[in-house]
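*Asks:* Based on what follows, work out the 3D shape:
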Amino acid sequence: MGRKYVLGIESTAHTFATAIVDDELNILSDVRDVVKPGETLGIDPKLTAEHHANVAPQVLKKALDDAGMDIIDIDAVAYSMGPGLGPALRIGATVARAIAYKFKKPLYPVHHGIGHIELTSSLLGFKDPLVVIVSGGHTSILSFSLGRWRTYGETLDITLGNLMDMFARKIGIPFPGGPKIEEIARKGRKYIEMPYGIKGNNMVYSGLLTYATQLIGKEPVENIAYSLQETAFTVLVEATERALTQVSKKEIGLTGGVASNDRLYNMMCDMASEHGVKVGRLEKKYNSDNGVQIAVVGILYMKSGYAPVPVEEAVIKQRIRVEEVEVPWR
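*Replies:* Residues are numbered from 1 along each chain as shown. The predicted structure is shown next:
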């Protein structure tokens, strides 16, 4: 038997992406097109869906061309079913259903968060990590147990990525604001005490955003950004440490767009080193949303013998939680 290939389609939010991965987890192509910020400085679901619909043909074609393949060479199609923006998710699902139907290919719906988890675990070689997903859509601390990924801590309001992006908008920085906030925070010289929201293993960030916003014009923006980042990250690291002591893992996988923040990564490493635990993250291009994370889970479904879904049952689920998804390959 020859190699098997899965096409992954990602469309949960600002990025429409396709990638082709083989059953040895070799990445043959990885193509993305990201929505440009509009006048609102954020993500407009309707405009995002229009963007995805417009760029889908060329993104798909380039992924096939980069892999040196034709669509008939693909053995299965995987798509992001959620969580995410409904209009954006529907574009990716529609493209996936059309390919699966026309070319008679198996179809696998993929939870976006599990895509982040399994791509990180696979590329880092982590077998049983504590996973910390931090992005615009997720701020969760997860561990695998009894056939599913289980949440050991999460945000109770806004995510860490949204916190950074929303503060960035308040000071006139367009989406995505996180990288620019990181840059500004490096120039901060004074720490301003801010609300510290932690409840058990869970995090609360909305009060922190409100407080930081109220300081605009009263303190140098560099000091506000520095203090906001330090406080938010310390809350996450403490919650992760609490979860770590409960599940006794030897590896922490840090993933999602905010995982690319070097300050967060270094803080997580400092905490983990005190417990003899290794922290890993992928190179930055794989922390942001991509088709590879969806294709990798498709490969894992296919290799595990998990039944694909019929085209007419290939739906999206905007608010699906990670615990709702069976993980048959672990």
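*Asks:* Show me where the protein has its helices.
*Replies:* Per DSSP state H, the chain carries helices over the ranges 45-67, 86-103, 112-124, 160-170, 178-185, 206-214, 221-247, 262-273, 291-304.
*Asks:* Now the longest one: buried residues?
*Replies:* Going back to what we said before, that points to helix 221-247. Across helix 221-247, burial judged by 16 or more other Cβ atoms under 10 Å covers 221-233, 235-244, 247. For the C-beta atoms, the positions are set from N, CA and C on the backbone; glycine is no exception.
*Asks:* and it with helix 160-170, angle?
*Replies:* Between the axes of helix 221-247 and helix 160-170, defined by axes from the mean of the first three to the mean of the last three Cα atoms, to 10 degrees, the angle is 170 degrees.
*Asks:* Make 30 the first number, not 1, from now on.
*Replies:* Sure thing, new numbering starts at 30, so read that last one as helix 250-276.
*Asks:* just the angle between helix 250-276 and helix 291-302, please?
*Replies:* Following the same axes, to 10 degrees, one obtains 30 degrees for the angle between helix 250-276 and helix 291-302.
*Asks:* any idea of the mean pLDDT for helix 250-276?
*Replies:* Helix 250-276 carries an average pLDDT of 97.
*Asks:* repeat for the first one
*Replies:* Helix 74-96 comes out with an average pLDDT of 96.
*Asks:* Same question for the last one.
*Replies:* pLDDT averaged over helix 320-333 equals 98, rounded to a whole number.
*Asks:* Likewise for the second one?
*Replies:* Within the predicted structure, the mean pLDDT of helix 115-132 is 98.
*Asks:* hmm, back to that, any chance of a markdown table for the helices of the chain, columns distance to residue 166?
*Replies:* Listed next are the helices of the chain as a markdown table, based on distance: least, Cβ to Cβ, whole Å:
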| stretch | distance to residue 166 |
| --- | --- |
| helix 74-96 | 13 |
| helix 115-132 | 11 |
| helix 141-153 | 7 |
| helix 189-199 | 7 |
| helix 207-214 | 13 |
| helix 235-243 | 16 |
| helix 250-276 | 15 |
| helix 291-302 | 17 |
| helix 320-333 | 13 |
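*Asks:* Any idea which of these gets closest to residue 38?
*Replies:* Residue 38 lies closest to helix 115-132 among these, at 4.7 Å (Cβ to Cβ).
*Asks:* Identify all contacting residues around that closest one.
*Replies:* 36, 38-42, 45, 74-75, 77-78, 81-82, 85, 89, 100-101, 103, 106-111, 134-136, 138, 340, 343-345, 347 (Cβ atoms under 8 Å, 6 or more residues apart in numbering).
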